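Asks: pasting the sequence and the predicted coordinates here, then a few questions.
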Amino acid sequence: MHKISNFTGSARHGWEKMTPSMGFGISRSHSELSMQQQQQQQQQQQQQAAGGPMKRTPMGHPTAAATAGMAAASSSPTTPSSPSSIINLSFNVPFSSNIAGPEPDEVIYASPGALGRWTHPEGAAAASSSSPEDADDQPLQTYKLPVHVQNDQNLKALCRRLAEESGGRLNAHVASGEPNPIPGLQRGPLKALVTNVCLSGESDLVQKSRMDIFRQTPISLRQLSVDIDRSLIYDSEKEEVRAHVLTLLDEIAQVTKADIFLLQPKPVDADTASFNGPLDTSLEPRFRCWIYGDMESAEYAKTRVLILIDQILERVVDYVRIELPLHTLISGRNRKNIKPIEAETNTAIYFPPPFPRVFQYIPPGAQRRNEDEIYITGATHAAIMKAKAKLRELVASVMTYHKDTVVTVSKLDNIILERLDKVRKIMEANGTYVLLPPLGFQRGYVRVQGTDYLHNERTIKEIMSLAGQFYSASWWITAPDVTQRMPSSGEIRIMLSDICINSGAETSFENLSFHMYGSDDSVKAAMWVINNIPFVNKSGYQMRVKIELANEHKEFVSGKKNGKINKIMSQSNVQIVFDGFNEYNFYIDVRGNDYNATKSGLELVEQEMPASIAFHVPDQYHKRIIGIGGQHIQRIMKKYSVFVKFSNAMDRGTMGKEEDDTKVDNVICRTPSRNAINLDLVKMEIMDMVEKADAEFVPEHVPVNRLYHRELISRMKEIEELEKKWNCKITFPSTEEASDIVTISGPEYMVPQAVDAFLALVPERHEISFPAPEELKDYIRSQEFQQEILEKMRSQYEVNIRVKDKASKLPERSSVLRQTLVLEYTRNNEGSVKDAVDNLISKLVAHGLDTTTIKGAIPRPKSDSFEDTLPFFDSKLLQRAEPPLDTSATDSPTRQHFASAENVNERSGFLDKLRKPGSMTSFSSILRSSRNNGGGTASPGGGSLFKHASSNASKASLASLESTSSYRNPWNDSGINLPAGDGADGDFPRPPRSVLGNGFAPGPGLGLGLGAPGDATPRYDARASVDSGRPSTSHSTASGYPGPIGPIGPPGRQG
């Protein structure tokens, strides 16, 4: 069925022969294909016996004797080329030249030679600009860093060497440039430098040279980061990094050949903290360790740095060898088997990267990590031995299944270059292993290995969905214009490089035919560029675009009795053919004789492709949503023209099996892409029938120092009780990831309470010190201080104050001692630390404290620029006032967003919505909510400022969600004089029904006893869309499969 086309010497699966006279059919039978192939083979044998293969010059021009044969070949678009035919192949080398180096002023340490490679030399700006003024105004481009320039030079030297070794049979040229914008298409940053290689020669030699270039070039450079606590590596007495730490970093750089930098802690501007992020008042600033290198070198160096930190913490290091394909299998789905082992044994387990042989590049002198070695660090040897034993038990209990599937070679290379991280997430989500061939290996097979047939099928479907995000196209010049001169070899090289640089698609030219491979936008851009070439658009031509789609969607796209396809063909004058590919996907061929007609037909086909969104609804609600005889769901589907399908555990094949404690997507909504805007509306209407406790599952990301994760994991029983109480799931990052982010996912109305309860397990501390005269020192140690200050801090602010016994003397005043107070609290009460410190200082000032000598006082962030520029205007908005005493009337997280019907026009100012006395809403939270809602479909009501229902939380939980690390409201100490009716009393106006959006009446809040009449929020809010409306393309994260096998990955909420 699948014919092997060797126009580039590679197996291109699924490319069948097409002739111009072929009818407008929808599909062809297997017997017809086999007969056609037999006829083709007989014709080829007769032609070869009569005239032999075509002869060509080394530069690719046909000889005079072969001109007639060339014309005959051009008449048939897919006449197979002989093994000795000359092709021109152009492809981009992904150097990642947009990766910038560190700022030189922030560098504390750099591995040997790293600073010179990743920073611009002095005077480089002046040398590259025409005038000194331009050098100051225009910074140097990132791709002009020495490391990127050296990579480009090494590539040119490699191409020269390959051409010389071929003995004149191969020509290799390197070109670099910035892509130009193409109308209607946007393909990433246009300022990034693109490096292109164009090879000319025999097809087998060209493909082999392409593989050698990828093997010997450091493609896909990356920058990884590790935060290191200051106290671990910094000597406070000498005020420098400890020497043995720098020596070990040098050793890591020498072994891995990665470039390592140690940078200063990231500075925090107190004046702009409320706008740009939280004001960190408790966590000690941490050094940043940046690692540059190719994928394997950077990952290995990062793991070595993490182990170095464990060694500084006096932990024992060991390793265990387990075959690489078994690593994800024994880890389980979402690594559910590893964290319990780490919790029970108090160890850290570092797995190697899952794709060690994909790129095959090894820096000169570098040592690669053994792909089977799993590093383990623990407090004792006994703990490590226990962890090893548990890992071996998992290996012994694993029963593996594997399945091979066919993927187009060009799409496999694109997946490796552009979607490798997504493949890794698919493996972790399903607990399977995907064996990929090396880049450029010309083998279109993928093997999936797992512990369950269902998991293997899910993995293969998602891999095939990734393959559907890439297109392939061909452009045959069937009748060259006699008035146009045929391009020379040099012009062909320039033409292909221009196409490839500006589009990003891999392009080849052979026998007056163009062939393009890449993402959907890349292929479209390449066709646009080709259409503007004079010798192409003035000649007769045929073109074809191939789209890959899941077999389940064939009837969806074609329509009843092929009505949709027939309509498109009649409207656009194109030919559309459905060709089978494998058991999972099929091809949609869009063919035409005119560029504009083919482009129009392709757009219409894409509009008919399914756009889908999947989410979770508990099985007990399915009958209620479907209704008697399906009347409810039929009304919704008819209203929005969206198909909705429900699946339970039996349909998913998980009846009696463990669901891995994850909420799988059991509802899928599908509609043509032209109607994708209605997907969110259908989802909202379905979720409105679900109770709050089982509402849509949303993730919340909470930062906690990664070294404290081990302490939290050891308290796994408390965390499990917390998960059960709030119906949430707490997920810790993998150890080798070295991330501080803990993900708490659950119903959107339960997540704030779960976050508050989780942060209650995280202790924090803050120190303030000051010169203490005798009077102040006596007061601190008096019983009055214990009763009036400490007890009040404990009861009112949930902050414990401890007095350090040892006081240090001041160098300038030997008789005065510096006293230190330690404030201890949990992270969920961090919002009250600023008020507690201010209250404490105000009490101590009366006993001789000088406020100008305090170290550790928390500065008040600058609220806005108006306070400094307009202090004397008679404005109630800008004047300061004391916070109101009735906090129950103003601490509602929702009331400040609403206004009564009669006051809607009066209080419509932007700042009026943001700053109210004692309110808990900050400008930063409004901006963050706006950013989160920016990517989705707007709420029909238009009056909601809620995200994840965090405003329906108690005061403590809302404060814990106010920022990422410092949970303090930056506005609660800057009151404003407003009329008494504007919220200072408890009579806050209730909004009309139309203001809330969606027609929902406000329900009671979930506050902790804050029974304010205005503490109400809409029961549901608009849920942001994560679907682009075009599945299985480079702009969509939905897999596009209906899910009879199992769940599609959760709708992509990009964190």
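Replies: It's in. Being a predicted model, the structure only gives us computed values, none of them experimental.

Asks: how about residue 422, what does it touch?
Replies: Contacts here follow CB atoms under 8 Å, 6 or more residues apart in numbering; on that basis residue 422 touches residue 466. The way it works is simple: take the backbone N, C-alpha and C, and place the C-beta from them, glycine included.

Asks: report the buried residues of stretch 610-630.
Replies: Within stretch 610-630, the residues scored as buried using 16 or more other CB atoms under 10 Å are 610-617, 621, 625-626.

Asks: ok, stretch 101-112 next?
Replies: For stretch 101-112, by 16+ other CB under 10 Å, it's 101-102, 107-111.

Asks: need the buried residues of stretch 610-630 in CSV with secondary structure and distance to residue 205, can you?
Replies: Listed next are these as CSV, based on DSSP: H, G, I helix; E, B strand; the rest coil; distance: CB to CB, whole Å:
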residue, secondary structure, distance to residue 205
610, strand, 42
611, strand, 44
612, strand, 44
613, strand, 48
614, strand, 47
615, strand, 51
616, coil, 53
617, coil, 57
621, helix, 62
625, helix, 61
626, helix, 62
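
Asks: which one of those sits closest to residue 224?
Replies: Nearest to residue 224, judged by CB to CB, of the buried residues of stretch 610-630 is residue 614 at 32.0 Å.

Asks: tell me how far that closest one lies from residue 716.
Replies: Here residue 614 is placed at a distance of 30 Å from residue 716 (CB to CB, to the nearest Å).

Asks: residue 504 too?
Replies: In terms of CB to CB, residue 504 sits 47 Å off from residue 716.

Asks: more crowded one of the two?
Replies: A side-by-side neighbour count of residue 504 and residue 716, using other CB atoms under 10 Å, places residue 504 first with 24 against 15.

Asks: correct me, but the more buried one touches residue 519?
Replies: Yes - counting by CB atoms under 8 Å, residue 519 is a contact partner of residue 504 at 7.2 Å.

Asks: which parts of the stretch 451-600 of the chain are strands?
Replies: Secondary structure of the stretch 451-600 of the chain (DSSP state E, counting those that start in this stretch): strands at 470-479, 506-510, 513-519, 540-550, 575-580, 585-592.

Asks: who wins for proximity to residue 261 among those strands?
Replies: Closest approach to residue 261 among those is made by strand 513-519 (33.2 Å; CB to CB).

Asks: and that closest one, what does it pack against?
Replies: In terms of contacts (3 or more CB pairs under 8 Å, 6 or more residues apart in numbering; DSSP states H and E), strand 513-519 is packed against helix 409-418, strand 470-479, helix 489-503, strand 506-510, helix 520-531.

Asks: give the buried residues for the first one.
Replies: Buried residues in helix 409-418, counted by 16+ other CB under 10 Å: 409-418.

Asks: any buried residues in stretch 248-261, and which?
Replies: Neighbour counts using 16+ other CB under 10 Å place 248-249, 252-253, 255-261 of stretch 248-261 among the buried residues.

Asks: shaky segments in the stretch 501-650 of the chain?
Replies: Across the stretch 501-650 of the chain, the ranges flagged by pLDDT under 70 are 649-650.
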